[in-house]
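Output the structure for:
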Amino acid sequence: MLANALEALRFPEKVSISEAARRHRVLMNPGAYSGPWDESPHDMRCLDRPMDCLHGDSPYSVVGVMGPSQTGKSEIGNNWQLHTVLYDQADLLFVAPTRDLTNVYVTTQFDKMLDLAVYEDGRAGILRDRQLGGVSADNINLKRFLGCDFHFLWPGGPTFRAKPFPRGRMDDYEEFAKDVADQGSALGLMEGRMGSFAAYGRTKTYANSSPTLGRTKGIEALVASGTDERWYVDCLQCGTPFRLCFDHLHYDKQGTAEDAATSAVLVCPASDCGGAHVQSDKRMLMSTGRWVGRGERAVSLRDSNIGKVGELIRTDRATFRLEGLMGFRPWTQIAKLARAAEIAFAIEQDPASLVSFDNTVVGRNYVPREDGEPAVTEDALYTRARNSYYRMGEVPPGVLCLIATIDQQGNRFEVAVWGFGAGFRCWLIDRFAVLTTMENGRERPLKPFNRPEDWSVLHARVLSRTYPMAGAPQLRMKIMNTSIDTGGLDGATDNAFAWWHAMVSGDVGSGRPPLPATAITLLKGGNKPKGRLLPPPTVDAKRQIKGAPQAELFVPNVNRYKDIADVRLKRMEEGPGYIAFPNNLPQADDGSFPYLAELRAEHNVNGQWTREPHRANETWDLYIQACAVVTRFGGNDASFAWVPEWARPPKDAPRKLMPEPQPDPNGITGDEPPAQPPAPPRSQSRMQRPRRSVRVSRG
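Modelled structure (predicted):
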């Protein structure tokens with residue numbers, strides 16, 4: 001007892017956080033490395049400086065670390081907390097984005113560290129021995145130690161109110177709300193709790209996260225505001241310094257994911273070297289590493305013993321960018337995941353796989369691969385249509401199913417019919433508006449929002465349509481599914497549900513048989529840009545009819561679908577996702593093509609798709625609907641093997657169309673093409689009219 005009492009009176013030893021981790025930290029990771037921190041086969045010396053910047057004597061009050069998963073971001077905070085208990089006691093507030101995440105952290109990480117931390121002689125229990133007794137001193141939200149208390153909470157008004165702390169840690173910082181309980185940012189509120197300690201200059205805040213919000217937001221904005229340090233290594237062959245980052249990882253970008261894995265090498269960027277480093281060289285490369293921040297410049301260790309020159313900027317924020325190649329994942333696995341994401345993007349045109357790879361594997365905010373490329377123009381789409389082999393109202397080879405999409409307006413229904421084929425290729429088959437209905441032997445204008453009975457016109461004019469096959473008009477193809485946008489003015493949703501029930505119930509008087517519940521898709525655009533592409537459908541109990549099939553409402557993430565559609569629309573050569581148009585699109589009196597203009601009516605502004613004022617966008621919305629229907633039935637299956645036999649093209653339909661010869665505008669003929677079967681005569685296409693920039697005079 002006397003010895004313990006005297007030990008407590010000893011002045012604390014000055015120990016860096018990285019040294020404390022080497023003395024006392026023991027890891028237990030079943031299936032991976034387990035053992036003392038300093039004996040790990042993974043060289044994690046890159047974590048030493050971020051850890052040591054959290055020491056009470058460092059000049060920094062905020063330390064921010066951005067990086068992918070499995071690179072040690074959380075371990076920096078864990079080792080800081082261990083050091084706080086053993087060598088530099090102070091109260092600390094730990095905050096995770098949600099209550100569940102906070103509880104999971106305490107039970108799976110912090111409690112494990114308490115059990116495994118050892119004395120310098122290897123005996124376990126050094127942290128447990130510093131812990132105060134009693135149930136109130138050891139629960140999920142509070143851990144009490146000699147000289148300090150640790151609180152584990154989640155963002156909310158009470159979290160940052162009337163709780164003074166000299167130290168704070170924010171895990172998964174990117175997931176915090178921008179405005180916590182209408183009181184401000186989490187970092188600002190955390191620093192506000194430290195006012196009484198700031199005069200002594202010993203406040204510390206640690207924030208870490210994988211990036212997701214963009215370059216000017218969240219963790220990357222925090223990192224950019226500080227020293228913004230990056231990890232440099234020297235080429236083992238020529239000594240040239242370069243960042244250990246994904247951009248320098250070379251692999252086979254044409255083959256399979258396995259080909260990428262087997263070919264992965266880290267290449268020196270020096271033009272006169274090009275030395276290739278494999279995974280077994282990583283530890284030696286890491287031994288040459290150093291952090292280089294703003295105001296500094298990396299130089300070879302052969303020219304400087306610290307590998308950099310210049311003076312680091314003066315700031316109270318030490319910030320760091322961890323890269324995926326610095327972490328625990330083998331470079332071969334990173335290359336494999338990269339190629340798999342690229343293949344998925346090429347097939348589905350959905351950037352979700354690339355976003356996930358960039359955020360969680362590389363450790364950077366996703367930037368669209370086509371970023372910086374000009375948006376596809378109406379003229380480019382016009383050229384695509386002019387060179388097409390098929391005409392409006394016919395189904396070209398390659399189409400495997402037809403999907404009709406309907407957008408309700410105040411005085412009409414806007415309708416499009418799309419053909420989809422393997423690889424999510426798409427053809428615009430038909431585009432028209434339903435403007436009138438028959439009443440007492442006369443046509444009258446439609447009023448879909450106000451008159452539910454007007455919806456009956458859709459069965460004959462849309463759902464019952466069939467389309468001839470190009471080159472074999474005697475063969476016709478049925479529509480597999482029809483979607484309707486249920487949004488709009490008051491009553492629009494009620495009318496859409498009532499129409500759906502009428503279609504699936506049939507009409508005895510007219511002899512119209514009931515349609516299957518899968519023949520119609522009810523849609524309503526979602527407003528969660530980061531939500532699932534197509535969440536499971538919802539059932540509105542208020543709009544159900546007793547004894548009838550349940551009407552399901554699908555709420556697609558239209559923002560993500562528009563990202564996908566934009567990538568597909570930009571594809572200028574035939575292939576997965578390519579969108580084709582007939583060569584006789586309707587043309588306005590001014591020479592423009594309204595349906596092509598509607599496809600370019602919206603632009604992506606800071607991640608949100610916005611329509612330009614007073615511009616029609618119906619064709620664009622109708623295509624988005626069709627993409628959602630494809631996801632409903634086929635998910636990401638690009639083979640379209642899920643299309644039922646009855647909805648597929650007839651077996652005898654032509655498999656290929658020959659292009660029509662284009663007349664030379666100057667009347668000059670070139671070399672004769674190889675002999676081909678004569679194409680059937682066709683009437684003059686409206687697509688051959690003068691362009692919009694030419695003034696036209698008509699008699």
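
Let me see the backbone angles for Ala375.
For Ala375, the backbone dihedrals (degrees, to the nearest 10) come out as phi -60, psi 150.

Ok, the one 5 residues further on next?
The phi/psi pair for Ala380 (degrees, to the nearest 10) reads phi -70, psi -40.

all strands of the stretch 301-450 of the chain, in order?
For the stretch 301-450 of the chain, applying DSSP state E, counting those that start in this stretch gives strands covering 308-310, 317-321, 401-408, 413-421, 425-434, 436-439, 442-445.

For the first one, give the mean pLDDT please.
Averaging the model's pLDDT scores along strand 308-310 yields 95.

what stretches of the protein score poorly on pLDDT?
Scanning the chain for pLDDT under 70 picks out the ranges 135, 157, 159-162, 181-182, 370-373, 488-490, 508-510, 658-699.

Give the burial count for the residue nearest to Asn79 when sequence neighbours are not counted, as a bare number.
Among residues not flanking Asn79 along the chain, Ala21 sits closest, at 4.2 Å (CB to CB, 6 or more residues apart in numbering). C-betas here are computed from N, CA, C, even on glycine. Per other CB atoms under 10 Å, the neighbour tally for Ala21 reads 25.

Ala21 and Met113, how far apart?
11 Å (CB to CB, to the nearest Å).

Give the residues shared as contacts by the two.
Leu82 (CB atoms under 8 Å, 6 or more residues apart in numbering).

Next up, the contacts around Asp115.
Ala124, Gly125, Arg128.

swap the cut-off to 7 Å and go again
Arg128 (CB atoms under 7 Å, 6 or more residues apart in numbering).

Ok, Gly289 next?
Cys46, Trp231, Tyr232, Val233, Leu244.

dump the residue contacts of the second one.
Taking CB under 7 Å, 6+ apart, we find Trp231 in contact with Cys46, Arg243, Leu244, Gly289, Trp291, Glu323, Met326.

can you rerun that using 10 Å?
Residues in contact with Trp231, defined by CB atoms under 10 Å, 6 or more residues apart in numbering, are 46, 49, 243-245, 286, 289-292, 298, 320-323, 325-326.

now swap in the first one and tell me
By CB under 10 Å, 6+ apart, Cys46 lies in contact with 71-72, 231, 233, 244, 286, 289-291, 320, 322-323, 326-327.

gap between the two ends of stretch 219-239?
End-to-end span of stretch 219-239 (CA to CA, to the nearest Å): 32 Å.

mind listing what's buried in it?
Buried positions in stretch 219-239, judged by neighbour count with 16 or more other CB atoms under 10 Å: 219-220, 222-224, 226-235, 239.

Next: stretch 487-500.
Applying 16+ other CB under 10 Å to stretch 487-500 flags Gly488, Ala492, Thr493, Asn495, Ala496, Phe497, Ala498, Trp499, Trp500 as buried.

Then stretch 170-182?
In stretch 170-182, counting by 16+ other CB under 10 Å, buried: Met170, Asp171, Asp172, Tyr173, Glu174, Glu175, Phe176, Val180.

Would you format the residues you listed as TSV with distance to Ala641 included?
Compiled in TSV, those are given as follows (distance: CB to CB, whole Å):
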residue	distance to Ala641
Met170	47
Asp171	44
Asp172	40
Tyr173	44
Glu174	39
Glu175	38
Phe176	44
Val180	49
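
from those residues, which ones fall inside strands?
Met170, Asp171 (DSSP state E).

between the buried residues of stretch 170-182, which is nearest Pro516?
Glu175 (42.4 Å; CB to CB).

Which residue, other than its chain neighbours, is closest to that closest one?
According to CB to CB, 6+ apart, the nearest residue to Glu175 is Pro97 (3.8 Å).
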